[in-house]
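Visitor: With the input below, show me the fold.
(chains A and B)
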Amino acid sequence: DAKTTQPPSMDCAEGRAANLPCNHSTISGNEYVYWYRQIHSQGPQYIIHGLKNNETNEMASLIITEDRKSSTLILPHATLRDTAVYYCIVRYDTGNQFYFGTGTSLTVIP
Amino acid sequence: GAVVSQHPSWVICKSGTSVKIECRSLDFQATTMFWYRQFPKQSLMLMATSNEGSKATYEQGVEKDKFLINHASLTLSTLTVTSAHPEDSSFYICSARARDRGGNTIYFGEGSWLTVV
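Guide: Have a look, this model is predicted:
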């Protein structure tokens, strides 16, 4: 599976949009981009995933560049409860293992 | 999303004893389950992948005789830490693969805190 690079930490003001970047320059054509987050002392929570097109759900939006070498997770109106470590993972749809990188620690500031 | 449940949420055991952690997929069948370990302020480390009815596949550096994994049914996998030592104290997390729209999403349990004293 392709490796990902994320900034180690970010801050965001409450109520503003949080934009979390992820680089995956070695991604192959069949690999999906997944985003998870982990709030302290809990299991990771699924947020969103996509292949080529931008995706949106009730939690977030996922913007994937046309060359698919990077993506951005957008939390449109960050709240204090969005403070967590966010992980970007790329893997094949039929792939088995699911490896985590170091993620981005997002702190939402009141 | 799909629900994965772990039990117990936390456990304290004496050094040298064994402890079992259960992972259940509550509303779907999981042919594949994964076990992770996470130390404080670190990322999740994949320990092993288990497929229902077959032996688990362990990641490099993970002792298969120490971390026994059983995936006897489509909804249950267990991790047994044998002869536990204080260095085995960690946050253990399981996950299961569920087929859904256009993808192959993994859902995680709430995690189990193991403290070996």
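Visitor: does any part of stretch A:43-57 sit near chain B?
Guide: Yes. Using C-beta under 8 Å from any C-beta of the partner chain, stretch A:43-57 comes into contact with chain B via A:43, A:44, A:45, A:46, A:49, A:51. (Glycine included, C-beta is placed from N, CA and C.)
Visitor: Switch the residues you listed over to a markdown table; also include neighbour count.
Guide: Below are the residues of stretch A:43-57 next to chain B laid out as a markdown table (neighbours: other C-beta atoms under 10 Å in any protein chain shown):
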| residue | neighbour count |
| --- | --- |
| A:43 | 22 |
| A:44 | 28 |
| A:45 | 15 |
| A:46 | 20 |
| A:49 | 24 |
| A:51 | 15 |
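Visitor: Among those residues, which one sits closest to residue A:8?
Guide: Closest approach to residue A:8 among these (C-beta to C-beta): residue A:44, at 17.4 Å.
Visitor: residues in contact with the closest one?
Guide: A:36, A:37, A:38, A:87, A:100, B:44, B:93, B:95, B:108 (C-beta atoms under 8 Å, 6 or more residues apart in numbering or on different chains).
Visitor: Counting neighbours, what do you get for the fifth one?
Guide: This means residue A:100. 20 (other C-beta atoms under 10 Å in any protein chain shown).
Visitor: Tell me who's in contact with it.
Guide: A:36, A:44, A:87, A:89, B:36, B:43, B:44, B:45, B:46.
Visitor: Nearest residue to it in space, please, no chain neighbours.
Guide: Residue nearest to residue A:100 in three dimensions, not counting chain neighbours: residue B:44, with 4.4 Å by C-beta to C-beta, 6 or more residues apart in numbering or on different chains.
Visitor: so that neighbour sits right up against residue B:35, yeah?
Guide: No. Taking contacts as C-beta atoms under 8 Å, residue B:44 lies outside contact range of residue B:35: 10.1 Å.
Visitor: Residues that sit against both of these two, list them.
Guide: residue B:93.
Visitor: on that earlier part again, who wins for most neighbours among the contacts of residue A:44?
Guide: Of all the contacts of residue A:44, residue B:95 has the most neighbours under the rule other C-beta under 10 Å, reaching 29 neighbours.
Visitor: show me what contacts that one?
Guide: A:43, A:44, A:98, B:4, B:33, B:34, B:36, B:106, B:107, B:108, B:109.
Visitor: ok, how many other residues are close to the last one?
Guide: Here the number of neighbours of residue B:109 (other C-beta under 10 Å) works out to 28.
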